[in-house]
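Colleague: Provided below are the primary sequence and the corresponding predicted coordinates.
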Protein chains: 4
Amino acid sequence: MAEKEFILTASCQDQSGIIAAITDTIADNGCNIVNLAQHTATDIGMFFIRVKFSGTDAFNQDSFSASFSKLADKYKMDWKIHDTAQKKRVAVLVSKTSHCLYELLLKHDAGELDCEIPVIISNHPDLAHVATAFHIPFFQVDPAKGKAEYEADLNSLLEDYKIDLVVLARYMQVMSGDFCKKWNNRCINIHHGFLPAFKGAKPYHQAWKKGVKIIGATGHFATEDLDQGPIIFQDVIRVNDTRSIEEFITMGKDVERHVLFESVRRYLAHAVFCYEGRTFVIE
Amino acid sequence: MAEKEFILTASCQDQSGIIAAITDTIADNGCNIVNLAQHTATDIGMFFIRVKFSGTDAFNQDSFSASFSKLADKYKMDWKIHDTAQKKRVAVLVSKTSHCLYELLLKHDAGELDCEIPVIISNHPDLAHVATAFHIPFFQVDPAKGKAEYEADLNSLLEDYKIDLVVLARYMQVMSGDFCKKWNNRCINIHHGFLPAFKGAKPYHQAWKKGVKIIGATGHFATEDLDQGPIIFQDVIRVNDTRSIEEFITMGKDVERHVLFESVRRYLAHAVFCYEGRTFVIE
Amino acid sequence: MAEKEFILTASCQDQSGIIAAITDTIADNGCNIVNLAQHTATDIGMFFIRVKFSGTDAFNQDSFSASFSKLADKYKMDWKIHDTAQKKRVAVLVSKTSHCLYELLLKHDAGELDCEIPVIISNHPDLAHVATAFHIPFFQVDPAKGKAEYEADLNSLLEDYKIDLVVLARYMQVMSGDFCKKWNNRCINIHHGFLPAFKGAKPYHQAWKKGVKIIGATGHFATEDLDQGPIIFQDVIRVNDTRSIEEFITMGKDVERHVLFESVRRYLAHAVFCYEGRTFVIE
Amino acid sequence: MAEKEFILTASCQDQSGIIAAITDTIADNGCNIVNLAQHTATDIGMFFIRVKFSGTDAFNQDSFSASFSKLADKYKMDWKIHDTAQKKRVAVLVSKTSHCLYELLLKHDAGELDCEIPVIISNHPDLAHVATAFHIPFFQVDPAKGKAEYEADLNSLLEDYKIDLVVLARYMQVMSGDFCKKWNNRCINIHHGFLPAFKGAKPYHQAWKKGVKIIGATGHFATEDLDQGPIIFQDVIRVNDTRSIEEFITMGKDVERHVLFESVRRYLAHAVFCYEGRTFVIE
């Protein structure tokens, strides 16, 4: 009799007895908790929980959901249940630089990124050979058509491939507010600067001129306000003043690919809670 | 009506339904879970849990313990409950170098180390003025008396001051196997090397000669096997090859004081589980 | 015959043959180079060099300076020579929090900060006991008098004590433009945020609300534009989203004291070149 | 008139006036110093220097070498001059895991690894497709033949391809003492443990069982004593106790590829001096 694993995520105003109520409901459904992580942000009075649990073949997700709904109503929870056997479908959008794309594809190949990558989309032809080498369909979309038509093409591709998550892997094209809203909290971008400083173009040049001693990158959800979306993961690297801008850019690439991968990995692990413009990542 | 906070720690062979059983027992006693962290080491089949919960004035620790004991018997748990209002009593043992002692005292003064420090003990007179500046009794013990007599003096001091935890803050004296057994998992040492390499004397000299590029320090429980006790916390610092041994020693001091503080802090937070010679630190 | 050690620092437009010309002049004066570090910022065409050299008792600093001046004129260099036996005199300015002050005093006591600390000045009486414990005169100045009069008092104290460098060790008082100009590149401040983000008040609160995953501190020269002066050193620490603002503040203190110490240490080693609002730190 | 760039490396017993003598010789040959880094290991009395300089078309390497030889004889220097236009030829040896190989090839493709990679050699067929994708000849050698014959095959391949540096990119085959001697200081290995601890097989398993809180990897020159060769570069990553061995292995891969790349990059920059079993890396 095979086991199935599920991840339950829930958030609500902090109240007494929530954890016991949730773990009880899971036990009452004949399931076993594999892993539980929880956090109460006392400053804003919010409670967040992520529970991984296993059920037997007899487990019925619909009846679980029905019983959990009652609890959720009582506590006014936002919640979701994810069957870990159902891989999320991720589209990777790229332009001309390959380091972030390779990172995702190599980790995926090594079984370290828990998703499917059914399609790669670009506004340039340059990286088609990478897609080919990994046997993934590659499509080129043309922003010159005008933003509306081009984003319609893009959305139609994303729908055709039943995409759950869009990853902008150094995709050099600003998305419209409509696109960001449609993919709200389901579109991850990598910014090659340590946000909130160094928004916008040429962040390494900005950092060099400012004489900062540490540079970084930021993985965040794309929002209409450019480079202001909720931050998922960040990392930094110490630079010394003998480095040129070119060396900043080269060293930064390692940070970027790592940050993008870790942002996507956390998302796919259902560890990222988004609340009023900031994230709470709970692992 | 004031609230009291407790921390429950428990470990046992991994089994189904433990988390729900524990959270239930807490809820049934009218308490609210503030924070729960748990880990299953699948490799060795062990389950560890740490739960912080609050009770009202009506909460009775004895009756809670009675009801939890039944659960513990069923699951064959090792467990403990700690009233957070009861501060642990910590003795700091030092020799001639002050950086680790100052770190503990300054953090304690700033309210960042959740304990009492009723006594400082040394095998040298050098740091008496530090103890005086912080208004803490200072005692000198004399190893020249012979190990047995000197450790008897030491133990008698530790008992007089009702000490819960002994911290060896660069205390340059090897403790006997008897002492280590008596204070088993209640005596924390800082080793100025990145264990398991560089055991024994002059670890920075060993590291320099080996040409390592990163040096570190290790906080661990003292055991009879010198520098082999269960590791609680470690940290490292990158060194470059233009550094002298003297610079290794100077740079290492920052790592040592940080590692010792973090080891003690984790212990006092009841986050350190010790199982078959290694620790599981759960926060 | 005792040896004396000197540090020569020089900067100019990059040109051919500068290093050989400098090392020649040093050799011609009978001195031996102990250590040489140099950097050319190709982006702005500037050359920076720091040379430590030793001379015998026969070495005459005036005649060296006369011969070096000719070279400096030829290459249009900014330059200085420092006798390492002449310790810089450092005034530490504090308010109510002690962690940065203790760091400087403890490192100084351990022989790890190459300067004299003849005076501690504060706008509050709170830390007088720390100064006393380290046998350093403590003066309280009163900003309530009005900025002009209070800064006059301050300057008069700094002159009485023949101060070379002013260190603002969490000194909670904004200095006037006149003060910053007078102490241009000789007044180091610690900002408890990772600049250029999080300028101004309550940087940890800003960081927490923004949901950043890494916080930091910045040591910089004080300038009229608050928190915008040339950056000397920065460091960061990873925080996770389960941390409260209070924990940000506590964790940040370790970063602050480290960054301030490292900034001052670099300055005292004559390793900090300041050029058009940014520093080049060469070690 | 094009410029040529050269890197001069030299080491000798520390003596007065060496730096001026070297920079003079370079200037006398009509060359300009681009970059100079030097270190005196006072503990062992050794001097190391690395100078990058540029010469015009008129520069003659033979006549430079003749004049530098006189200086070198006087100071009993070990020295070498490298024409930066002559790329080193690097052979990458692999087995079944691809992450280190990909790192080297992708960095090389991006122009971040200053060498040629004319051949990839393996004791298994698994990674042939990677070589193909990057248009690099792939050869399989067979250890089953017996060590002597198999290493003869290997050496003959390395000679055919005029290899300067052998990189063992997770090559799972112990090399003989003869091979290590032949390629002394020209064969770089990556060990997936933080040496000197965790030598030998399964270092992550060793680390996990020991309960260390930080794991790492070590790039070193291959020597007959397994995992004991001079260390070139190391890096580490913090792990927490909730990680499984499998996660150690996955997380470690990122450290390994980074450490191997940085070790090779430093070697190719002629920044690695090897002296009595340890390295001095000077950048």
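Modeller: Great, that's in hand. Predicted model only: the values in this text are computed from it and were never measured. Numbering: from 1, shown residues only, chains lettered A, B, ... in the order given.
Colleague: wait, residue A:230 touches residue A:273, no?
Modeller: No. Applying C-beta atoms under 8 Å, one finds residue A:230 not in contact with residue A:273, separated by 9.8 Å. C-beta: built from backbone N, CA, C; applies to glycine.
Colleague: more neighbours, those two?
Modeller: residue A:273 (23 against 20; other C-beta atoms under 10 Å in any protein chain shown).
Colleague: that one contacts residue A:9, correct?
Modeller: Yes. Under the criterion of C-beta under 8 Å, residue A:273 makes contact with residue A:9 at 7.0 Å.
Colleague: low pLDDT regions in chain A?
Modeller: Applying pLDDT under 70 to chain A flags the ranges A:1-2.
Colleague: might you enumerate the residues of chain A proximal to chain D?
Modeller: A:98-99, A:102, A:106, A:110, A:112, A:133, A:250, A:253-254, A:258 (C-beta under 8 Å from any C-beta of the partner chain).
Colleague: mind giving me the domain split of chain A?
Modeller: Following automatic domain parsing, one finds the domains of chain A at A:4-83, A:88-281.
Colleague: measure the first one end to end?
Modeller: In this case it means domain A:4-83. 8 Å (C-alpha to C-alpha, to the nearest Å).
Colleague: out of everything not next to it in sequence, what's closest to whatever residue of the stretch 101-250 of chain A ends up closest to chain B?
Modeller: Nearest to chain B, among the residues of the stretch 101-250 of chain A, is residue A:238, at 8.9 Å (C-beta to the nearest C-beta). Leaving aside its chain neighbours, residue A:238 sits nearest to residue A:214 (5.4 Å; criterion: C-beta to C-beta, 6 or more residues apart in numbering or on different chains).
Colleague: make sure that neighbour is actually in contact with residue A:235.
Modeller: No. Between residue A:214 and residue A:235 no contact is recorded; they are 10.4 Å apart, counting by C-beta under 8 Å.
Colleague: between the domains of chain A, which one is nearest to residue D:187?
Modeller: In terms of C-beta to C-beta, the element of these nearest to residue D:187 is domain A:88-281, at 25.1 Å.
Colleague: what's downstream of the strand or helix carrying residue A:132, the next helix or strand?
Modeller: With elements taken from DSSP states H and E, the one containing residue A:132 is helix A:128-133. Per DSSP H and E, the first helix or strand lying C-terminal to helix A:128-133 is strand A:138-140.
Colleague: how close does residue A:172 sit to chain C?
Modeller: Separation of residue A:172 from chain C (C-beta to the nearest C-beta, to the nearest Å): 23 Å.
Colleague: surely residue A:79 forms part of a helix?
Modeller: No. Going by DSSP: H, G, I helix; E, B strand; the rest coil, the assignment for residue A:79 is strand, not a helix.
Colleague: any idea what it is bridged to?
Modeller: Counting by DSSP bridges, residue A:79 forms beta bridges with residue A:10.
Colleague: tally up the residues packed near it, please.
Modeller: The tally of other residues near residue A:79 (other C-beta under 10 Å) stands at 17.
Colleague: let me see the contact set for it.
Modeller: Residue A:79 makes contact with A:8-11, A:68, A:72, according to C-beta atoms under 8 Å, 6 or more residues apart in numbering or on different chains.
Colleague: flag every buried residue along the longest helix seen in chain A.
Modeller: Taking DSSP state H as the assignment, the helix of chain A that covers the most residues is helix A:245-268. Within helix A:245-268, the residues scored as buried using 16 or more other C-beta atoms under 10 Å in any protein chain shown are A:248-268.
Colleague: quick revisit: which among the domains of chain A is found nearest to residue B:91?
Modeller: Of all the domains of chain A, domain A:4-83 comes closest under C-beta to C-beta, at 33.5 Å.
Colleague: which residues does the residue in chain A that chain D sits nearest to contact?
Modeller: Residue nearest to chain D within chain A: residue A:133 (5.0 Å; C-beta to the nearest C-beta). Applying C-beta under 8 Å, 6+ apart, one finds that residue A:133 lies in contact with residue D:133.
Colleague: that one and residue D:60, how far apart?
Modeller: For residue A:133, the distance to residue D:60 equals 46 Å [C-beta to C-beta, to the nearest Å].
Colleague: also residue A:135?
Modeller: Here residue A:135 is placed at a distance of 54 Å from residue D:60 (C-beta to C-beta).
Colleague: which one of the two has more residues nearby?
Modeller: Neighbour totals were compared for residue A:135 and residue D:60, and residue D:60 leads with 12 against 6 (other C-beta under 10 Å).
Colleague: phi and psi next, for the more buried one.
Modeller: Per-residue torsions, residue D:60: phi -120, psi 110 (degrees, to the nearest 10).
Colleague: count the residues that sit near residue A:111.
Modeller: Applying other C-beta under 10 Å, we find 8 other residues in the vicinity of residue A:111.
Colleague: sec struct for it, please.
Modeller: Applying three-state DSSP: residue A:111 is coil.
Colleague: show me what contacts it?
Modeller: Residues near residue A:111 by C-beta under 8 Å, 6+ apart: none.
Colleague: from residue D:250, how far out is it?
Modeller: Taken as C-beta to C-beta, the span from residue A:111 to residue D:250 is 9 Å.
Colleague: ditto for residue A:8
Modeller: Distance of residue A:8 to residue D:250, given as C-beta to C-beta: 25 Å.
Colleague: leaving out the residues flanking it, which one is nearest to residue A:128?
Modeller: Using C-beta to C-beta, 6+ apart, the closest residue to residue A:128 is residue A:138 (4.8 Å).
Colleague: cool, and residue A:4?
Modeller: Of all residues not flanking residue A:4 in the chain, residue A:55 sits nearest, at 5.3 Å (C-beta to C-beta, 6+ apart).
Colleague: what sits against the one you found?
Modeller: A:3-4, A:6, A:29-32, A:64.
Colleague: among those residues, who's most crowded?
Modeller: residue A:31 (25 neighbours).
Colleague: pretty sure residue A:270 sits against residue A:9.
Modeller: Yes. Checked against C-beta under 8 Å, the pair residue A:270 and residue A:9 is within contact range at 5.2 Å.
Colleague: now for the two: what residues contact both?
Modeller: Residues touching both residue A:270 and residue A:9 (C-beta under 8 Å, 6+ apart) are A:50, A:80, A:82.
Colleague: number of nearby residues for the first one?
Modeller: Spelled out, it's residue A:50. A count of neighbours around residue A:50, defined by other C-beta under 10 Å, yields 22.
Colleague: nearest to residue C:244, out of the domains of chain A?
Modeller: domain A:4-83 (6.2 Å).
Colleague: and that closest one, how far out from the chain middle?
Modeller: With C-alpha atoms, centre = their mean, to the nearest Å as the basis, domain A:4-83 stands 21 Å off its chain's centre.
Colleague: SS state for residue A:126?
Modeller: Assignment for residue A:126 (three-state DSSP): coil.
Colleague: that one contacts residue A:96, correct?
Modeller: Yes. Checked against C-beta under 8 Å, the pair residue A:126 and residue A:96 is within contact range at 4.7 Å.
Colleague: the one residue in the stretch 1-150 of chain A that gets nearest to chain C: helix or strand, and which one exactly?
Modeller: Of all residues in the stretch 1-150 of chain A, the one sitting closest to chain C is residue A:39 (4.6 Å; C-beta to the nearest C-beta). Per DSSP H and E, residue A:39 falls inside strand A:32-41.
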